[in-house]
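Colleague: Quick one: sequence and predicted model below, then my questions.
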Amino acid sequence: MSNSRNKTFRICFIGLMAAIVFVVNYFRIPFMGTQLHMTNALCVLCGLLFGPGAGFLAAGLGSGLYDIVAGWGVECIITFINKGAIALVAGLIGYHAARRDNPSAADHAKIIAGSVLGSLAYVALYMLKTFIAGQLIDGLTLDAVTAKMLTKLPGSLMNAVFAFIVAPILLGALKPALKKAGLYDKL
């Protein structure tokens with residue numbers, strides 16, 4: 001297959017994944033006083049499937065577009081970066097291991113590490129955003145900003161745990177199906 005045709009397939013897959021990331025933003029599961037959502041797990045999956053650059057693009061576009069449609073306006077830029085960062089980190093650490101036909105124990109460890117660190121990168125960026133917005137936009141005191149961050153931290157950590165558990169499971173389910181359909185090598 002020609003290189004330009006592979007690029008076309010890859011662009012289509014990235015667009016499809018961005019659309020899936022966009023849609024899953026609407027699904028939330030009430031859990032222990034917060035809401036779990038699949039978005040972060042799919043952002044990790046973007047990095048594992050497409051690598052850091054293309055994964056960043058798919059995760060960031062899908063999440064940023066959701067912000068625009070949901071009425072969050074300029075937040076879309078921050079969301080694009082923060083959600084894209086999940087895929088970037090996951091892809092930097094776990095992409096090559098995820099691409100192997102017969103992953104070793106070390107490869108599985110890289111996939112898990114990429115999933116965990118990608119998810120935690122988002123938590124760190126979300127806390128940074130909360131801090132900056134609290135200080136610069138809301139004019140809150142340091143104590144008030146710290147309290148606000150501490151109220152958001154448990155839900156963010158639960159979503160991170162959910163993401164780094166679910167993403168490798170989704171990869172394990174999707175990879176054989178994509179291979180069987182002859183699509184995996186076109187990603």
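Modeller: Right, received. Where do you want to start? Residues are numbered from 1 along each chain as shown.
Colleague: hey, let's count contacts and neighbours off CA atoms from now on
Modeller: OK.
Colleague: check contacts around the residue most central in space within the chain.
Modeller: For the chain, the residue nearest the mean C-alpha position is Cys43 (2.0 Å; C-alpha atoms, centre = their mean). Neighbour list for Cys43: Val21, Gly55, Phe56, Ala58, Ala59, Lys83, Gly84, Ile86, Ala87 [criterion: C-alpha atoms under 8 Å, 6 or more residues apart in numbering].
Colleague: cool, and Gly51?
Modeller: Applying C-alpha under 8 Å, 6+ apart to Gly51 gives the contacts Ala87, Leu88, Ala90, Gly91, Leu92, Tyr95, His96.
Colleague: mind checking how far it is from Ala87?
Modeller: Distance, Gly51 to Ala87, using C-alpha to C-alpha, to the nearest Å: 8 Å.
Colleague: before we move on, the earlier item: so which of the contacts of Gly51 comes closest to Cys12?
Modeller: The nearest member of the contacts of Gly51 to Cys12, counting by C-alpha to C-alpha, is Ala87 at 17.6 Å.
Colleague: From what I see, the closest one and Leu49 are in contact.
Modeller: No. Ala87 is beyond contact range of Leu49, at 9.4 Å (criterion: C-alpha atoms under 8 Å).
Colleague: what do these two both touch?
Modeller: Taking C-alpha under 8 Å, 6+ apart as the criterion, Ala87 and Leu49 both touch Gly55.
Colleague: Those two: which is more packed in?
Modeller: Set side by side, Ala87 and Leu49 show more neighbours around Ala87, with 41 against 27, by other C-alpha atoms under 10 Å.
Colleague: Which stretches in the chain count as helices?
Modeller: With DSSP state H, the ranges of helices along the chain come out as 3-24, 39-50, 52-70, 75-99, 105-132, 142-180.
Colleague: For Leu187, which of the ones you listed is the nearest?
Modeller: Between those, helix 3-24 lies closest to Leu187; by C-alpha to C-alpha that is 5.1 Å.
Colleague: Output the contacting helices and strands for the closest one.
Modeller: When contacts are defined as 3 or more C-alpha pairs under 8 Å, 6 or more residues apart in numbering; DSSP states H and E, helix 3-24 packs onto helix 39-50, helix 52-70.
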